[in-house]
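> Here's a sequence, model it:
(one chain, ligands or ions: 3)
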Amino acid sequence: MSKVTVMDHPLIQHKIGIMRRVETGSKDFRTLVSEVAMLECYEATRDLELQDVEIETPICKTTVKELKGKKLAVVPILRAGLGMVDGMLEMIPAAKVGHIGLYRDPETAEPVEYYCKLPADCAKREVFVVDPMLATGGSAVDAIRMIKEKGVTHIHFMCIIAAPEGVKRLQEAHPDVDIIVGALDEHLNEHKYIVPGLGDAGDRIFGTK
Ligand SMILES: O=P(O)(O)OC[C@H]1O[C@H](OP(=O)(O)OP(=O)(O)O)[C@H](O)[C@@H]1O
Ligand SMILES: O=c1cc[nH]c(=O)[nH]1
Ligand SMILES: [Mg+2]
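Ligands and ions are numbered 1, 2, ... in the order given. I've put the predicted structure just below:
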């Protein structure tokens, strides 16, 4: 079964608390999404491999660690996932960015696919799928299926708020994908929104309704 990490870092919890407030406007909300993504990236990349290299400091020769150079990609689920891309790229600037377009059908809450563009060499890359919200899990499950269909084998999923229902569905569908969560909430309401949640993340990032 996949590993689920719920971030208990005070900075993340504090920032998510501000995001949840109904009075937080789009400008602050966008900044917070990006900052939380940057902090979660720290955990998501914990297992990246290092190698030894010989260098010279101003004082002497020594051996230091550097990333082994595994190629990475960040794949936001449109639209709301876009808000997490800048924060990820601040930490891993060499990563390529793919895009998957999915929206939840307002009646069924099932995901509807409208776009998929991944780096040509994505099968050789370790992929971080990002979306602020994991509600029923339908969007994440479909996005990861689409990515696997392109030959990608090493995938992480990062979100800011998750419902237990979504975590369970994602773990069952993709037991090989580890999940990084900023906060694990209580449940879904009758409209499949996360409770207490923060409302519609895409609308709050882009100021739509
Ligand atoms: O786990 P699920 O039940 O699938 O719900 C989560 C999805 O819903 C939201 O997207 P939405 O459909 O609102 O699209 P948007 O990002 O374009 O607003 C959110 O950003 C996730 O992609
Ligand atoms: O609570 C939710 C559920 C799905 N999508 C959101 O943006 N928020
Ligand atoms: Mg939305």
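
> Which residue ranges of the protein form strands?
Counting by DSSP state E, one finds strands in the chain at the ranges 4-6, 50-56, 61-67, 72-78, 96-97, 99-104, 111-117, 126-130, 133-134, 154-162, 178-184, 187-188, 194-195.

> Out of those strands, the one nearest G207 is which?
Ranking these by proximity to G207 (C-beta to C-beta) places strand 72-78 first, at 16.0 Å. C-beta coordinates here come from the backbone N, C-alpha and C atoms, glycine included.

> Turn the strands of the chain into TSV, columns for mean neighbour count and mean pLDDT.
Shown next, in TSV, are these (neighbours: other C-beta atoms under 10 Å; pLDDT from 0 to 100):
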stretch	mean neighbour count	mean pLDDT
strand 4-6	15	97
strand 50-56	9	97
strand 61-67	10	97
strand 72-78	24	98
strand 96-97	16	98
strand 99-104	19	96
strand 111-117	13	97
strand 126-130	26	98
strand 133-134	26	98
strand 154-162	25	98
strand 178-184	22	98
strand 187-188	14	98
strand 194-195	18	98
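
> and the nearest residue to K61 once chain neighbours are set aside, what does it touch?
Leaving out its chain neighbours, the residue that sits closest to K61 by C-beta to C-beta, 6 or more residues apart in numbering is E54, at 6.4 Å. Listed by C-beta atoms under 8 Å, 6 or more residues apart in numbering, the contact partners of E54 are 61-63.

> one more time with 10 Å
Each residue near E54 by C-beta atoms under 10 Å, 6 or more residues apart in numbering is listed here: 61-64.

> And the residue in the chain that ligand 3 sits nearest to, how close does it get to E165?
Ligand 3 sits closest to G202 of the chain, with a gap of 3.2 Å, by C-beta to the ion. Distance of G202 to E165, given as C-beta to C-beta, to the nearest Å: 20 Å.

> So for those two, which residue has more residues nearby?
Using other C-beta atoms under 10 Å, the more surrounded residue of G202 and E165 is G202, with 20 against 16.

> Now that one. Nearest residue, chain neighbours left out?
Using C-beta to C-beta, 6+ apart, the nearest residue to G202 is A80, at 3.9 Å.

> got it, and G83?
Nearest to G83 is V33, by C-beta to C-beta, 6+ apart, at 3.9 Å.

> Pretty sure that neighbour sits against A201.
Yes. Between V33 and A201 there is a contact at 7.5 Å, judged by C-beta atoms under 10 Å.

> Any residues of the chain in contact with ligand 3? List them.
200, 202 (C-beta under 5 Å from the ion).
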